[in-house]
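> okay, sequence plus prediction incoming.
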Amino acid sequence: MAPLRFRVTEAEAAERLDRVLARRKEVGSRAEAERLITGGRVRVDGVARGKSHRPGPGEMVEVELAAPETLEPEELEIAVVWSDEHLLVVDKPAGMVVHPAGSTRSGTLVHGLLALGASGGEEGRPGIVHRLDRDTSGLMLVARSERAHRALQGLVRRREVERRYLALVHGAPRSRSGRIDAPVGRDRGDRTRHSIDTDTPRDAVTWFETRELLGERTLLEVRLETGRTHQIRIHLEAIGLPVCGDPVYGVADLGLRRQFLHAHRMRLCHPLTGEELDLRSELPDDLAAALEEARRAARKGLG
């Protein structure tokens, strides 16, 4: 592969080299950045540097990228909610990474999707039109051809795919429904996080509606208008409603081992056949159990 070359910007100056690299889409993660650095594949102004090196503004970084790995289909447990010759809608389980990155080279969603005929889009991410965080479960739209991938991307870009989530949060909203319009990007103080306190803002809009008031907690239905990294989790934290179980933006609660966030409904007009699709996914067992515990606590007045 052609090497990646870029000059360090003023905003990136004095940051650790592994963090600067991780923000490049060609690298994609801190783990992959560290792997490239320790493998001697990264030079700053012609000199090999360690991961903690802090380059100055204007310095040239050259990265010898590894050749893309050949993806092999894997038989994984992935529930197919709807399918035809053009596209799939699958129910992603929590804990499954969408595509290979860093040290995760197998067992990802795309490995399983290859076995289901996924195709189109970026090399290494066949069929992927949008993503869910590793520990967010629920519905994902997947293409089965290059034509379908382009058509689905057009729907997403025009915001014609309705994606709704269930989120259990701490606190109660000031109104039963609302709109959060706050650009998000890499956090100014912690480059491993995203937030609304950023030098790289991208438009982000989230709608929410109250489903159940449960004492100190609330079950919300959330609708994405845009789809930025960690958008729902960031936006809900920003208005004082952190997601239960979220280890990064939320609060530990109810014995949850991951964030209470589930993509439970998707609506769209099939871009190639015109069929109206309205698909749903039930809460998985761990989230259903946590919700019942929250309801019991609310009935007892325990919060």
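Looks like it came in fine.
> which residues touch the most centrally placed residue in the chain?
Nearest to the geometric centre of the chain sits Asp133, at 3.5 Å (C-alpha atoms, centre = their mean). Listed by C-beta atoms under 8 Å, 6 or more residues apart in numbering, the contact set of Asp133 reads 230, 233, 259, 261. C-beta: built from backbone N, CA, C; applies to glycine.
> for the second one, which non-adjacent residue is spatially closest?
If the residues on either side of it in the chain are set aside, Arg233 comes closest to Tyr249, at 4.3 Å by C-beta to C-beta, 6 or more residues apart in numbering.
> tell me the secondary structure for that neighbour?
Applying DSSP: H, G, I helix; E, B strand; the rest coil to Tyr249 yields a three-state assignment of coil.
> what pLDDT does the nearest residue to Arg54 once chain neighbours are set aside get?
Closest residue to Arg54 apart from its sequence neighbours, by C-beta to C-beta, 6+ apart: Ala14 at 4.8 Å. Looking at Ala14, its pLDDT stands at 78.
> please apply the same query to the one 10 residues further on.
Predicted confidence (pLDDT) for Arg24: 87.
> now do the one 3 residues further on
In the prediction, the pLDDT value recorded for Val27 is 85.
> spell out the secondary structure type for it.
Of the three states, Val27 takes coil under three-state DSSP.
> isn't it right next to Leu36, touching?
Yes: Val27 is within contact range of Leu36, at 6.9 Å (criterion: C-beta atoms under 8 Å).
> quick one: what helix or strand has Arg125 in it?
In this structure, Arg125 is located outside every helix and strand according to DSSP states H and E.
> how about it: what's its closest non-neighbour residue?
If you skip the residues right next to it in sequence, Arg125 has His99 as its closest partner in space, 4.8 Å away by C-beta to C-beta, 6+ apart.
> test my guess that the one you found contacts Val110.
Yes: with contact defined as C-beta under 8 Å, His99 reaches Val110; the gap is 4.7 Å.
> please say which of those two ends up with more neighbours.
Legend: neighbour count by other C-beta atoms under 10 Å for His99 and Val110, higher for Val110 (21 against 18).
> ok but that one is inside a strand, no?
No: under three-state DSSP, Val110 sits outside any strand and is assigned helix.
> and the gap between His149 and Ser119?
7 Å (C-beta to C-beta, to the nearest Å).
> joint contacts of those two?
Overlap of the contact sets of His149 and Ser119 (by C-beta under 8 Å, 6+ apart) consists of 127, 143.
> these two: which is more packed in?
Remark: of His149 and Ser119, His149 carries more neighbours, 23 against 16, as counted by other C-beta under 10 Å.
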